[in-house]
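**Student:** build me a structure from this.
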Amino acid sequence: MGHLIPIIELGKRMVSHHEFHVTIFFVASDHASITSLLKSPTPHNLDIVALPFVDISGLIEPNTHLVTKLLVIMRESLPSLRSLIAAMKIRPTALIVDLFGADAFEIAQEFGMLKYVFVTTNAWFLAVIFHSSSLDKQVILEGHVKGQKPLKIPGCKSLFFKDTLESLHDIDSVDESEFIGTKMTKSNGILINTWQDLESSTIEALRDNNYLGGLIKVPIYPIGPLVRQEGKQVLDKQVKQWLDKQPIESVIYVSFGSGGTLSAKQMTEFAWGLEQSQRKFIWVVRPPSNNALGSYFTIGKTDGDGTPDYLPQGFFTRTKDIGLVIPMWAPQAQILSHPSVGGFLSHCGWNSTLESITNGVPMIAWPLYAEQKMNAAMLTEDFEIAVRPKVSTTEEIVGRGEIEGMVRMMMADKEGLAMKNIVKELKQNAEKALDKGGSSYNSLSQVAQDCLHHLQV
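**Tutor:** Below is the predicted model:
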């Protein structure tokens, strides 16, 4: 979901603003939220095609790192992608791949297509990927991982160990031949789901021809924020009626993404913290798991008032006047855009981050995996539109008292109001970037022009 949503939005924008015919290929999945996304209406001239499922169980070990697994899946999908492109009546002009799809450049080369990478997260993440790719693994392992020293990123914010990428924690388990930083430099350009004013210094560093010894000699195109649009999907009647009754900006929305979960002990503390805050909330709840990506389970047993057995007994009864619990999944874009929502407790996935910013909603940062700790650091330290717990949300239990305090601060205190004012300014800035003549509009227009020129050559 984290990659597919902005890819679909990029496709829509190429169709609506630049009159391209776009075909999006993705690896098949029966994930419920992906199925829901693909059922959403798409414009004419935008086709979405599922590549056949690939079984990689015989190609990996049980403890193979997630990054390597994704790269293997993409590599094993190449024959299907090649066949589908070869069968197209009109040969595509350009191939835009996901971060993990650079191996498909050989297909683009074969068919004479331009090659682009779309990095669906931010410029700082891209800088870390390039810098870590340019270093010897042992340097990262000894200094950053074992020594827990900051990883100094030239021209950018340093990466502190407490916020580092999971793949850097386990860098020995990531096959160097599979790593992606240098492969992206073989493209005709790199698109990033951010915008110039949001990360100006980092973007300028990446555009410097001498950056990392001249490693990056391809154009950098910040084209965001590309976020899921409300579309024609409507809120569930019960949710809409409940939100419509609440005062403006009085509700905190709580969601840990399309698959994020908490441990049983943390979920208990979380529920008590929300209840004790006595602030209005909507909480998208999944059963607990010791794996933050534990994700998709059925609702367990319930007590007399319908409260699931993994929440404190009687929770639904005690919070019926202040809260609404939604099992498993909710239409996030629609909820965040509702006038009653004034805060978002989020796992800090980049899609959720951008959806929060573009709706002018400040955040409580609760990162779980991938690059989410990096995003949380940016939101709290650089943008000042979020607050995060004092302890690691992946290694320690955040107590109910701290949760209560963060919610109260976000929804009622001066500090929360200051964050709301800043994020509303960022919202306006993001809108200008996407409007005709804005920085992101112009970046994508340049890509479109290059594609048209290539077609005419």
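**Student:** which element is residue 24 on?
**Tutor:** Using DSSP states H and E, residue 24 falls within strand 22-27.
**Student:** what packs against that strand?
**Tutor:** Applying 3 or more C-beta pairs under 8 Å, 6 or more residues apart in numbering; DSSP states H and E, one finds that strand 22-27 contacts helix 4-18, strand 46-51. Bear in mind the C-beta positions are built from the backbone N, C-alpha and C, glycine included.
**Student:** in a strand, residue 118, correct?
**Tutor:** Yes. Under DSSP: H, G, I helix; E, B strand; the rest coil, residue 118 falls within a strand.
**Student:** contacts only, for the residue nearest to it when sequence neighbours are not counted.
**Tutor:** Ranked by C-beta to C-beta, 6 or more residues apart in numbering and with sequence neighbours excluded, the top spatial neighbour of residue 118 is residue 191, at 4.5 Å. Contacts for residue 191 (C-beta atoms under 8 Å, 6 or more residues apart in numbering) come out as 10, 96, 116, 117, 118, 119, 221, 222, 223, 443, 444, 447.
**Student:** gap between residue 191 and residue 125?
**Tutor:** Separation of residue 191 from residue 125 (C-beta to C-beta, to the nearest Å) stands at 13 Å.
**Student:** out of the helices and strands packed on strand 22-27, deepest packed?
**Tutor:** helix 4-18 (a mean of 20; mean count of other C-beta atoms under 10 Å).
**Student:** for it, name the packing helices and strands.
**Tutor:** Checked by 3+ C-beta pairs under 8 Å, 6+ apart, helix 4-18 has strand 22-27, helix 32-39, strand 46-51, strand 114-119, helix 439-456 packed alongside it.
**Student:** how does it look with 7 Å?
**Tutor:** Applying 3 or more C-beta pairs under 7 Å, 6 or more residues apart in numbering; DSSP states H and E, one finds that helix 4-18 contacts strand 22-27, helix 32-39, strand 46-51.
**Student:** what's the angle from it to strand 46-51?
**Tutor:** 150 degrees (axes from the mean of the first three to the mean of the last three C-alpha atoms, to 10 degrees).
**Student:** quick one: residue 345 is in a strand?
**Tutor:** Yes. Assessed by three-state DSSP, residue 345 belongs to a strand.
**Student:** from here on, count from 31
**Tutor:** Right, with 31 as the first residue, what we last looked at is residue 375.
**Student:** domain-wise, how is the protein divided?
**Tutor:** In terms of domains, the chain is parsed into 34-256+464-486, 267-442 (source: automatic domain parsing).
**Student:** endpoints of stretch 343-363, how far apart?
**Tutor:** Stretch 343-363 has an end-to-end distance of 31 Å (C-alpha to C-alpha, to the nearest Å).
**Student:** longest helix of the chain?
**Tutor:** Scanning the chain for the helix with the most residues, using DSSP state H, yields helix 444-464.
**Student:** name the residues of that helix that are buried.
**Tutor:** The neighbour-count check on helix 444-464 (16 or more other C-beta atoms under 10 Å) flags 446-447, 449-450, 452-454, 456-457, 459-460, 463-464 as buried.
**Student:** repeat for stretch 112-131
**Tutor:** Residues 115, 122, 123, 124, 125, 126, 127, 128, 129, 130, 131 are the ones in stretch 112-131 that count as buried (16+ other C-beta under 10 Å).
**Student:** ok, and which of the domains of the chain has the densest surroundings?
**Tutor:** Using mean count of other C-beta under 10 Å, domain 267-442 ranks as the most buried of these, with a mean of 19.
**Student:** could I get the average pLDDT for stretch 315-324?
**Tutor:** Per-residue pLDDT over stretch 315-324 has a mean of 73.
**Student:** now do stretch 271-281
**Tutor:** Here the average pLDDT along stretch 271-281 is 96.
**Student:** please save the CA atoms from it in CSV.
**Tutor:** The C-alpha coordinates for stretch 271-281 follow below in CSV (Å, rounded to 0.1, in the frame of the first residue of the first chain):
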residue,chain,number,x,y,z
GLN,A,271,-22.9,10.8,11.6
TRP,A,272,-20.6,10.5,14.6
LEU,A,273,-18.0,12.9,13.2
ASP,A,274,-20.7,15.4,12.1
LYS,A,275,-21.8,15.7,15.7
GLN,A,276,-18.4,16.6,17.0
PRO,A,277,-17.0,20.2,17.4
ILE,A,278,-14.4,21.4,14.8
GLU,A,279,-10.9,20.0,15.3
SER,A,280,-12.0,18.1,18.5
VAL,A,281,-11.3,14.5,17.4
